[in-house]
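*Asks:* What follows is a predicted structure for the sequence shown.
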Amino acid sequence: MSNLGHTVIAFALFSLSASSSLAIAQVANSDAKLQVDYQERIKKYVELHKNAAKDAPPIKETKDAAAIKTAQDALAAKIRALRPNARQGEIFTPEVAKLVRKLMYPQVTGPQGAETKEAMKEDAPPRKAIPVKVNARYPDEQPLPTMPPNLLANLPKLPEELEYRIVGKDLILRDVPANLIVDFVPAVIK
């Protein structure tokens, strides 16, 4: 083969490598933009939560379950008033939901996935017992399922007011002090 032939092959391989690298960079950049968008939505919600908390009775540390529930309900009512038309997908937009599924996928498939799914079943409430609906109260009588650490490690970090939970096959975003379902991604676990 001539030097020209080697040069053409080398150029073709370089071009293929460069276009693959560009495609990977574009996907990574797109994911990064989605994460920034998601964090901005979270930040906006937390600001709303803090504004609602200013006008709600404080949730004090107590062993009186009724007092805790009363304070949670008051905060949840203030949040609902500030988000009267809240609907699924406001925080977990379709694009963000797709990214969340992508981030969780390696942890819920294959051998490790079987272990993860088994761990989630241990303290999972019956699926029909939890109304997975935006602005719904998480039922007091139902356990809060544990989030496996490997899933949490793959998901974007949340401020202390919020947490992830898996209910059935759905991922919910829960406002902890208000005990309120803020948003959810349906069918995140297959």
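*Replies:* Cool, got the structure. Residues are numbered from 1 along each chain as shown.
*Asks:* neighbours around residue 128, how many?
*Replies:* For residue 128, the number of neighbouring residues by other C-beta atoms under 10 Å comes to 7. Every C-beta, even on glycine, is put in place using the N, C-alpha and C of the backbone.
*Asks:* how about the nearest residue to residue 96, chain neighbours excluded?
*Replies:* Using C-beta to C-beta, 6 or more residues apart in numbering and skipping residues adjacent in sequence, the residue nearest residue 96 is residue 38, 4.8 Å away.
*Asks:* In contact with that neighbour, which residues?
*Replies:* Taking C-beta atoms under 8 Å, 6 or more residues apart in numbering as the criterion, residue 38 is in contact with 91, 92, 93, 96, 99, 156.
*Asks:* For it, pull up the helix or strand it's in.
*Replies:* Using DSSP states H and E, residue 38 sits within helix 3-55.
*Asks:* What average pLDDT does that helix get?
*Replies:* The average pLDDT within helix 3-55 is 71.
*Asks:* Now the element after that helix, going C-ward?
*Replies:* Downstream of helix 3-55, the first helix or strand assigned by DSSP H and E is helix 65-82.
*Asks:* What lies in contact with the helix or strand following that next one?
*Replies:* From helix 65-82 onward toward the C-terminus, using DSSP H and E, the following helix or strand is helix 94-104. Contacts with helix 94-104, where a contact means C-beta under 8 Å, 6+ apart, come from 31, 34-35, 37-38, 41, 89, 92, 151, 154-155, 171, 185, 188-189.
*Asks:* Show me which pair in those residues is furthest apart.
*Replies:* 37 and 189 (23.4 Å; C-beta to C-beta).
*Asks:* Settle it for me: which of these two has more neighbours?
*Replies:* Under the neighbour definition other C-beta under 10 Å, residue 37 and residue 189 were set side by side, and residue 189 has more, 19 against 15.
*Asks:* wait, that one sits on residue 109?
*Replies:* No. The criterion here is C-beta atoms under 8 Å, and residue 189 misses it with residue 109 at 10.1 Å.
*Asks:* Mean confidence (pLDDT) on stretch 179-190, please.
*Replies:* The predicted model assigns stretch 179-190 a mean pLDDT of 92.
*Asks:* buried stuff in it?
*Replies:* Buried residues in stretch 179-190, counted by 16 or more other C-beta atoms under 10 Å: 179, 180, 181, 182, 183, 184, 185, 188, 189.
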